[in-house]
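Undergrad: Sequence and predicted structure below; questions after.
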Amino acid sequence: MSKYQQKPYTSEEKRKAIETYSEKIQYSPRYSNEDWEYRHVIIPKQLVRFVPPGVCPEDVWRGIGIRQSPGWEMYMRHDPHVLLFRRPKDYDAVHQPFSQVMGARSVNLAAGVKK
């Protein structure tokens, strides 16, 4: 088996590994340039086997226990266990956090304002 082929695993093995190691995921502070906000995430080597090679869609990286606010996309992989993420620098200004949107909606509903 080459180093690029992943050893088969069961869903139970994956669940146990994520349960055991997801708390050991390390998140860098955010850093930015004029257009993008960046961060990198270091996953424990025990979780690497559950992430396919290359850039992964959001459901895959969230599926191994990575927790980030909305808008982040994986754009590169530095090592098998270092995943790089980015999102537009003004993402929070353009997209209100869900909690603020729902808070405003509940206030409007309480006041009898229809959407």
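TA: That came through, no problem.
Undergrad: Neighbours of residue 85, how many?
TA: Neighbour count of residue 85, defined by other Cβ atoms under 10 Å: 23. Where you see a C-beta, it was placed from the backbone N, CA and C, and this is true even at glycine.
Undergrad: Helix or strand for it, just tell me which one.
TA: Secondary structure from DSSP states H and E places residue 85 in strand 82-88.
Undergrad: from the middle of its chain, how far away would the following helix or strand past that strand be?
TA: Counting by DSSP H and E, the element after strand 82-88 in chain order, helix or strand, is helix 91-94. Centroid displacement of helix 91-94 relative to its chain, using Cα atoms, centre = their mean, to the nearest Å, is 17 Å.
Undergrad: pull the CA atoms of stretch 84-101 into PDB?
TA: The C-alpha trace of stretch 84-101 is given here as PDB (Å, rounded to 0.1, in the frame of the first residue of the first chain):
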ATOM      1  CA  LEU A  84      -5.100  25.800   5.500                       C
ATOM      2  CA  PHE A  85      -8.300  27.800   5.500                       C
ATOM      3  CA  ARG A  86      -9.400  31.300   4.200                       C
ATOM      4  CA  ARG A  87     -12.500  33.400   3.900                       C
ATOM      5  CA  PRO A  88     -13.200  36.900   2.500                       C
ATOM      6  CA  LYS A  89     -11.800  39.500   4.900                       C
ATOM      7  CA  ASP A  90     -15.200  41.300   5.200                       C
ATOM      8  CA  TYR A  91     -17.200  38.100   5.700                       C
ATOM      9  CA  ASP A  92     -18.600  39.000   9.100                       C
ATOM     10  CA  ALA A  93     -19.600  42.500   8.000                       C
ATOM     11  CA  VAL A  94     -21.500  41.200   5.000                       C
ATOM     12  CA  HIS A  95     -23.000  38.100   6.600                       C
ATOM     13  CA  GLN A  96     -24.500  38.700  10.000                       C
ATOM     14  CA  PRO A  97     -23.800  35.900  12.500                       C
ATOM     15  CA  PHE A  98     -26.700  33.500  12.800                       C
ATOM     16  CA  SER A  99     -27.300  34.300  16.400                       C
ATOM     17  CA  GLN A 100     -27.800  38.000  15.600                       C
ATOM     18  CA  VAL A 101     -30.200  37.200  12.700                       C
END
